[in-house]
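Novice: Whatever this is, show me its structure:
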Amino acid sequence: MRSSSKINKRVLNKIFEARDRFVEEYFGIKFYPYQTEPSNAIIEAAINRDAEEFFIEISRQAGKTEAIVMTVVYLLTNIKGIFRALGIKLNTDGYYIGIFAPQKEQAKTDFDRIKSYLEKCGADFRVTFEESNGTTVRLSNGNTVYCFPVTPTAKIESKTVHLIISEESQDMPDVEFDKKVVPMGTDTNACKVFIGTAGYRVCYFLRGIERGSNVFKYDCWDVMKYKRRRYEETKDPYHLNYENYIREQIRLKGESNPEIRTQYFLEWQLEKGMWMTESQFNKLVVSGYGLIRSTDEPVLVGMDVAKESDVTFIVVLKQEGQKEVIRSETVSNDDGEPEIVETKSVQPVWRVINWMMIRGVLYQDQLNMIDDFLNNYPNIVKFNIDSTGVGDPIADYYIKKYDGLDYDAYQEMERKGLRGVCKPVKFTPVNKHHMYLNYQLAIKEGRFLLPGALDTMTLQEKACFKRFRMEAINCLREWKGNYLNVRHPDISKGEHGDIYTDDSQDATALIFFDIDTQPNKFEYYIG
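Specialist: The predicted structure follows:
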C-alpha cells in the first residue's frame, strides 16, 4: 500500500508512462505488474523526497533486481529533467543513489547491470561517465550511483545520497546498516528501499513488512499468475519458463524444503534462527496478571550473574495450576519400523511473578539488593544460579545462606545424588541444552506465562518486562552438534547494547535446568 503523494496523480502517471517507454525502447522489456508497482513507488518517493521506506519482497528469480536497476537507470538519466519540469530544486550538484548489500558480490551484481544499461542509453541523454570504478559511477549530468557491501569489516566511504537501496535485506546486518548507511541520507531526507525474500531471522526488513505500510509482496504463485496472463496475451512461451522452473524445483526439493519456502513461497522460517518470534512472545503475556511482590507460596528462582557490561537478572516463578498435554515420540514397533506414540500427562503451568535486574553495581552491594528482593519469598524451594565465571562467589554465598553448607559439603551432597535449595549451574553445552530444551517445551505447551498488567508495575518493573521481551525476540536459537544453544546476536567489536544480551532468558532457562527434580533440604540427610 502506498501513502499519499505530494505530486498530482495525472503528472505521476505521465512520468510512469515515460518510464515504461524508456524500459521498452532501450532494454526491450515490458514490466509485469509486480515490477511496475514497486518501480512506481520508488520514482514517486524519489520525487517527493519525504524519507519514506519501502519493503519489496518478491520471489527469487522473478526479475525484481532487473526492475530496480532499470528504475535506477531511468532516474539517473531523467530525474533532473523531471525536477525542472516540476520546479523542484536540489541542494546538491546531482541526484545521488546508494546501493548496499550484505556481500560485495550481491552489490556488484546491481552495479554492473547499472553500468551496462547506462552504456546502452547514455548517449541519447548526452550522458557520459566522468568516473567509473568498483564503487562509484559519476555521470556528466552530476548524477551519481554508489555501491558498497555492508559488513562489520567494510569501510564504507561517507557519502551523501538521496535514495538508499538495500539488496538481500533479509540478510542485511541491521546495526551496521544503521551506523554506516542511514546517516548518508540524513541531510537529504533520503528514501530507503529494502528488497529481498523471506529469511530465518527477525530483522528490520521483516518488521517493516509486518508494519504493512509501503509493502510490495509477490510470492512465486503471484509471479506465475502474472506471467501466465502475459503468455495468454502474447502466446510467447518465454513467459511460462519461470513457472516450469519453479515447479521442477518444488518437485526435486519438496514443498517443505527451507529454500523453497523462503525464497519462493516467501514464508519466514524464524523457528530455524530465532529463539522466539514477537507473536510467540505475545501469546505468553496474560494481560490480567500483575506481579506478586511477596508470597509464602513455594517459588522457584533463577539468577544470571552479570559479566562485564551485562546485568544481573533474577526471575521468580510459581506454579499456576496444571495442564493436560499430549506428547509424541517416534519409537520402533515389533517389526522394527518407526511408529509415532502419543502419551497424555498432566504438567505444571509456570507463571513469572516477579523479576529484578541490577546494572553497574559492585558485587557486595548486589548481594544486599538481591537479599532484600528475595526476602519477600520465604518459601524458595529452588534457586538455580549461574556459576560460570564470576558467578561462583555469589553461588557460594547463597548455598551457605539457604542450605547452611560450605561449597565442599555441598559437593559431597551432590555426589550422593541430592540437591538443596540452591544449585550452581555452569553454562556448559550440555547444561544449556537441558535448560533451554525444558524452557522451550513449556513455551510450546502453553505452560509458561508472563505478567502483562503493565499499568500496575513500577518503572523498574516495566524496564524488566521490556528487557525480557527485547531479549526473547532477538536471541538466536541454534544447534551445535546435538546440543540446543540460545544466545544473543553477534555484535561488532567495540559495540554493545541491550539488543545483544540474553540475561533474562538465561535466568529463566536456569530454573528449567532440572524443573522436574524435586528439591531436597540437605539437613534431612546430614548425619
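Novice: Using the record's domain definitions, break this structure down for me.
Specialist: Under the assignment automatic domain parsing, the domains of the chain span 9-219, 278-327+340-521.
Novice: what's the closest of the ones you listed to Glu255?
Specialist: Nearest to Glu255, of all these, is domain 9-219, at 12.7 Å by CB to CB. For glycine as for every other residue, the C-beta is placed from the backbone atoms N, C-alpha and C.
Novice: and the gap between the closest residue to Ile246 other than its chain neighbours and Thr197?
Specialist: Leaving out its chain neighbours, the residue that sits closest to Ile246 by CB to CB, 6 or more residues apart in numbering is Cys220, at 5.1 Å. Shown here: Cys220 relative to Thr197, a distance of 10 Å by CB to CB, to the nearest Å.
Novice: Common neighbours of the two, please.
Specialist: Each of Ser59, Leu266 lies in contact with both Cys220 and Thr197 under the rule CB atoms under 8 Å, 6 or more residues apart in numbering.
Novice: got the domains of the chain as JSON lines, with mean neighbour count and distance to Pro237 columns?
Specialist: Formatted as JSON lines, the domains of the chain follow (neighbours: other CB atoms under 10 Å; distance: least, CB to CB, whole Å):
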{"stretch": "domain 9-219", "mean neighbour count": "18", "distance to Pro237": "16"}
{"stretch": "domain 278-327+340-521", "mean neighbour count": "17", "distance to Pro237": "42"}
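Novice: where among the ones you listed is the average confidence lowest?
Specialist: Lowest mean pLDDT within these: domain 278-327+340-521, a mean of 87.
Novice: can you give me how far that one is from the chain middle?
Specialist: On the basis of CA atoms, centre = their mean, to the nearest Å, domain 278-327+340-521 sits 23 Å off its chain's mean C-alpha point.
Novice: picking up where we left off before, export the domains of the chain to JSON lines and tack on distance to Tyr264?
Specialist: JSON lines is the format used below for those (distance: least, CB to CB, whole Å):
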{"stretch": "domain 9-219", "distance to Tyr264": "5"}
{"stretch": "domain 278-327+340-521", "distance to Tyr264": "23"}
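Novice: and Tyr231, which of the ones you listed is closest to it?
Specialist: domain 9-219 (11.2 Å).
Novice: end-to-end on that closest one?
Specialist: Terminal residues of domain 9-219 lie 28 Å apart, using CA to CA, to the nearest Å.
Novice: Partner strands of the one helix or strand Met357 maps to, with direction?
Specialist: Per DSSP states H and E, Met357 falls inside strand 338-358. Applying DSSP bridges to the sheet, strand 338-358 is found paired with strand 312-332 (antiparallel), strand 448-451 (parallel).
Novice: so which of the ones you listed comes closest to Trp268?
Specialist: Judged by CB to CB, the one of these that comes nearest to Trp268 is strand 448-451, at 23.0 Å.
Novice: Next, name the residue at the spatial heart of this structure.
Specialist: When CA atoms, centre = their mean is applied to the chain, the residue found nearest the centroid is Val202 (1.7 Å).
Novice: which non-adjacent residue is nearest it?
Specialist: Met274 (5.3 Å).
Novice: Tell me how many other residues surround that neighbour.
Specialist: Residues near Met274, counting by other CB atoms under 10 Å, number 24.
Novice: hang on, it packs against Cys475?
Specialist: Yes. Judged on CB atoms under 8 Å, Met274 makes contact with Cys475 at a distance of 7.4 Å.
Novice: and Leu437, what helix or strand is that in?
Specialist: In this assignment (DSSP H and E), Leu437 forms part of helix 429-444.
Novice: Phe55 now?
Specialist: Using DSSP H and E, Phe55 falls within strand 53-58.
Novice: what does that strand rub up against?
Specialist: Outside strand 53-58, the residues that reach it (CB under 8 Å, 6+ apart) are 34, 38, 41-42, 45, 64, 68, 169, 191-198, 205, 208-209, 213-218, 223, 266.
Novice: who's in contact with Pro38?
Specialist: Contacts for Pro38 were tallied using CB under 8 Å, 6+ apart; they are Phe54, Ile56, Ile58, Lys64, Ala67, Ile68, Val193, Phe216.
Novice: re earlier: chain center to the strand holding Phe55: distance?
Specialist: 16 Å.
Novice: Tabulate the CA atom coordinates of the next helix or strand after that strand in PDB.
Specialist: Sequence-wise, the next helix or strand downstream of strand 53-58 (DSSP H and E) is helix 64-86. Output of helix 64-86 as PDB, limited to C-alpha atoms (Å, rounded to 0.1, in the frame of the first residue of the first chain):
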ATOM      1  CA  LYS A  64      13.000  -7.900  -9.000                       C
ATOM      2  CA  THR A  65      16.600  -6.800  -9.500                       C
ATOM      3  CA  GLU A  66      16.100  -6.000 -13.100                       C
ATOM      4  CA  ALA A  67      13.100  -3.800 -12.200                       C
ATOM      5  CA  ILE A  68      15.100  -1.900  -9.600                       C
ATOM      6  CA  VAL A  69      18.200  -1.500 -11.800                       C
ATOM      7  CA  MET A  70      16.100  -0.200 -14.700                       C
ATOM      8  CA  THR A  71      14.300   2.200 -12.400                       C
ATOM      9  CA  VAL A  72      17.600   3.500 -11.100                       C
ATOM     10  CA  VAL A  73      18.900   4.000 -14.600                       C
ATOM     11  CA  TYR A  74      15.800   5.800 -15.600                       C
ATOM     12  CA  LEU A  75      16.200   8.100 -12.600                       C
ATOM     13  CA  LEU A  76      19.900   8.700 -13.300                       C
ATOM     14  CA  THR A  77      19.100   9.800 -16.900                       C
ATOM     15  CA  ASN A  78      15.800  11.600 -16.400                       C
ATOM     16  CA  ILE A  79      15.300  12.900 -12.900                       C
ATOM     17  CA  LYS A  80      16.900  16.300 -13.400                       C
ATOM     18  CA  GLY A  81      14.500  17.000 -16.200                       C
ATOM     19  CA  ILE A  82      11.600  15.800 -14.100                       C
ATOM     20  CA  PHE A  83      12.700  18.200 -11.300                       C
ATOM     21  CA  ARG A  84      13.000  21.100 -13.700                       C
ATOM     22  CA  ALA A  85       9.500  20.500 -15.100                       C
ATOM     23  CA  LEU A  86       8.100  20.300 -11.500                       C
END
